[in-house]
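S.K.: Sequence and predicted structure below; questions after.
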Amino acid sequence: MDEVRRLKASKGPELRLWGSSELLQTLIPADLIDEFRMWVFPVVLGEGKRLFGNGVPPRGFSLVAARRTPKGVLLNTYRLAGPLPCDSAAAARPRRRVLVQP
């Protein structure tokens with residue numbers, strides 16, 4: 001996790017994580033994810049991997065962008081709004097973002 005923190009603090013392009021649910025389960029509790037891009041498809045498959053597994057601390061999200069494709073796929077972008085209950089006194093520091101696109 002220290003290396004990810006170092007990369008986020010350095011100058012450079014955004015860091016992106018594409019669909020690695022196992023790594024995601026480690027980054028979320030460490031507060032290393034800044035933005036989630038979730039694609040919601042209008043189908044039910046029954047079972048699958050959990051995006052937010054057991055042990056992930058509760059967090060609030062703010063919807064910052066939403067689009068819909070002609071086939072009904074929702075492309076939503078969320079940013080962390082903080083732990084629940086939300087601590088509004090904490091100021092956000094400028095840093096590189098880690099984005100998740102499952």
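M.R.: Okay, I see it. Just so you know, these numbers come straight off a predicted model, no measurement behind them. Numbers count the residues shown, from 1 in each chain.

S.K.: which one in the protein is furthest away from the centre?
M.R.: Here the chain reaches farthest from its C-alpha mean at residue 70, the gap being 24.7 Å by C-alpha atoms, centre = their mean.

S.K.: all strands for the chain, in order.
M.R.: 15-17, 35-40, 59-68, 74-83, 98-100 (DSSP state E).

S.K.: so which of the ones you listed is the most packed in?
M.R.: Of the strands of the chain, the one with the most neighbours on average (mean count of other C-beta atoms under 10 Å) is strand 98-100, at a mean of 19. Yep, even glycine has a C-beta here, placed from its N, CA and C like the rest.

S.K.: give me the number of residues near residue 23?
M.R.: 13 (other C-beta atoms under 10 Å).

S.K.: go on, residue 33?
M.R.: For residue 33, using other C-beta under 10 Å, the count is 21.
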